[in-house]
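Peer 1: Prediction below, plus the sequence it came from.
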Amino acid sequence: MSSIPHDQASASTTTSPSGAGTVAGWLWALLAASLLIGMLLFARQTAQPLSDEPSKVVPASVPIVEHVPAVTAPAADADAEPLAGNPLPDYPAAALQAGIEGDVIARLQIDSSGNVSELSIVARQGASDARLDDAATAALRQWRFSPAMRDGQAVSSVVQVPVEFRTER
């Protein structure tokens, strides 16, 4: 069995000066005392009443009123919103096979019943193909909306609807 050689001089342990352990102990004690004093001051501050007046007790003869939630009035003003289930435009087969892509932005006049009363194409991005315009127009004419509201009354309004035609769809 072999051992690791070493000399006796390097094997002696170094000790700290005699007062170093005492100073560390005092620092820990000072830290603990500071934390304790801080907690006591905080507890004393939060236990004091918010005002200088003594608290008043409500006499038992005062009736207790039950909380009644406030009735919220319907929104006075709202924009027209499309209803769920509106049909999506069909991608024209010939345009899809040709790889024609583009965006069509339609302007819709919505009447006070939520129906589309007028429709026009106001912008195009990408390919300007009449087949894309026709497909968007055919679908958007079938759309229904919750009508715009002004001062609690249904009114006609105008919305713009973007329609994307992408071949990966």
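Peer 2: Happy to help now that I have it. Numbering: from 1, shown residues only.

Peer 1: residue contacts, L36?
Peer 2: L36 makes contact with no residue under the criterion C-beta atoms under 8 Å, 6 or more residues apart in numbering. Yep, even glycine has a C-beta here, placed from its N, CA and C like the rest.

Peer 1: how close does it get to A29?
Peer 2: Applying C-beta to C-beta, to the nearest Å, the value for L36 to A29 is 11 Å.

Peer 1: Buried by neighbour count: which residues of the helix or strand encompassing M149 qualify?
Peer 2: Following DSSP states H and E, one finds M149 within strand 148-150. For strand 148-150, a neighbour-count test (16 or more other C-beta atoms under 10 Å) marks A148, M149 as buried.

Peer 1: neighbouring strands for the helix or strand following it, and are they parallel or not?
Peer 2: Once strand 148-150 ends, the next helix or strand along the chain (criterion: DSSP H and E) is strand 153-155. Using DSSP bridges, strand 153-155 pairs in its sheet with strand 148-150 (antiparallel).

Peer 1: Report the mean per-residue pLDDT for the strand it pairs with.
Peer 2: Average pLDDT, strand 148-150: 95.

Peer 1: Select the longest helix from the protein.
Peer 2: Counting residues, the longest helix found in the chain (DSSP state H) is helix 20-47.

Peer 1: if you average pLDDT over that helix, what comes out?
Peer 2: Averaging pLDDT along helix 20-47 yields 73.

Peer 1: Kindly report the same for stretch 123-132.
Peer 2: The average pLDDT within stretch 123-132 is 92.

Peer 1: For it, measure first residue to last.
Peer 2: 12 Å (C-alpha to C-alpha, to the nearest Å).

Peer 1: which residues sit against that stretch?
Peer 2: With contact meaning C-beta under 8 Å, 6+ apart, stretch 123-132 is reached by P92, A94, A95, I100, E101, G102, D103, V104, I105, D133, V163, F165.

Peer 1: The protein: helices as residue ranges?
Peer 2: Under DSSP H, the chain gives helices at 8-11, 20-47, 93-97, 130-140.
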